[in-house]
Structure formats: structure tokens, C-alpha cells
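[1] Return atomic coordinates for the entry below.
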Amino acid sequence: MLPRVTLRLIIQRPLPGVELRVQRGRDGLLAPAAVSADAVSFEFPLEVQVRADGSTQLRGPEVQGPPAARFVYVTVGTRAGQADSPWDRRAKVSLMGLRGEDIAAALEHPGAVFVGTIEGRGRDGGPACASVPLLGHGWSLAPRDV
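    Reported below is the predicted structural model:
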């Protein structure tokens, strides 16, 4: 079994009444861990494969893309299973800001969680879509209870 780190992705200011899910594999969906009027958050483990050269590769059902450009999809509206939604979007959140030394630190602190926040709304006023940047300083390592 590969070592694991936990990822918490927060979507702030989501559009009311629009479902969000994290894509698992090709067509699976992960429900939010918490939902409020101000934010939707997802939390899930990522497997860490340590290569012979010491570099790390993140894996797991929620991880998409080639090893050199890993990311997570947040599906919106009909893509999130909301059949009556007028929205059919997907937001791409990069995992490339998770550096090897950050992952090593997380593995040394099993209760730690990588936390990243994205804006839930796009420039057009609808749900965020396409490549969405992390807010603030990107991914940060925090105690699980934060």
C-alpha cells in the first residue's frame, strides 16, 4: 500500500442551487464533505508514489492527467449529476503546486491536510470553469481540524 496524504479543496462563493462534485476516474463522482451558503469543500486521500530518483507522483481515483501535470476536476451542474441544471461545466484545479518537499512534510505529519481554495464563480457570473487558479498562496499544509 502506498503512503497517503489528504487533500481538502474548498470552493468559495458557489453559485446557489448548482451541484458540485469532484470527478472520480472517468465518470464517477465524489460528493462534498461539507456544504454551506459560503463554501463547498471536498476531502479525499491521494496516494504518494516515491520514485527511485526521490521524486513523487500523486495518484488516486480523483487525480487526473499525466504525471507531469496532475490535476483534479470539479464538475458542475449536469456533469455533477444535477439533471435539471442549466450548467454543464468542469473546473480544472492543478496539483502541480504540491512540491516534493511539501508532500514529504505531510507524510511526516499524518494528521495534516493540504488545503486549497478556488473561487466558485467565473467572470461571466456562472460557475467557475476551465483552469481555475488557487487563491492566496496556493496549497498549504494545515492540521486536520482547521
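
[2] How about the contacts made by the closest residue to residue 133 other than its chain neighbours?
    Sequence neighbours aside, residue 118 is the residue nearest to residue 133 in space, at 7.3 Å (criterion: CB to CB, 6 or more residues apart in numbering). C-beta coordinates here come from the backbone N, C-alpha and C atoms, glycine included. Residue 118 sits next to 9-12, 74, 91, 93, 128, 132-135 when contact means CB atoms under 8 Å, 6 or more residues apart in numbering.

[3] Mark which of these are buried, thanks.
    Buried members of those, scored by 16 or more other CB atoms under 10 Å, are 9-11, 74, 91, 93, 128, 132, 134.

[4] Filter those down to the ones in strands?
    Of the buried ones among the contacts of residue 118, the ones assigned to strands by DSSP state E are 9-11, 74, 91, 93.

[5] Grab the nearest non-local neighbour of residue 100.
    Leaving out its chain neighbours, residue 100 is closest to residue 56 (CB to CB, 6+ apart), at 5.0 Å.

[6] if we can go back for a sec, tell me the two of the ones in strands among the buried ones among the contacts of residue 118 that are most distant?
    Spanning the widest gap among those are 10 and 91, at 12.5 Å by CB to CB.

[7] So for residue 51, what's the nearest residue that isn't a sequence neighbour?
    Nearest non-adjacent residue to residue 51, counting by CB to CB, 6+ apart: residue 57, 6.5 Å away.

[8] If you count neighbours, what's buried in whichever strand or helix holds the one you found?
    Secondary structure from DSSP states H and E places residue 57 in strand 56-59. For strand 56-59, burial by neighbour count (16+ other CB under 10 Å) applies to 56-58.

[9] Adding distance to residue 30 and pLDDT, write the residues you listed out as a markdown table.
    Listed next are the buried residues of strand 56-59 as a markdown table, based on distance: CB to CB, whole Å; pLDDT from 0 to 100:
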| residue | distance to residue 30 | pLDDT |
| --- | --- | --- |
| 56 | 22 | 87 |
| 57 | 21 | 90 |
| 58 | 16 | 94 |
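
[10] Just checking: what are the partner strands of the strand holding residue 57?
    Sheet pairing here is set by DSSP bridges, and for strand 56-59 it gives strand 39-50 (antiparallel).
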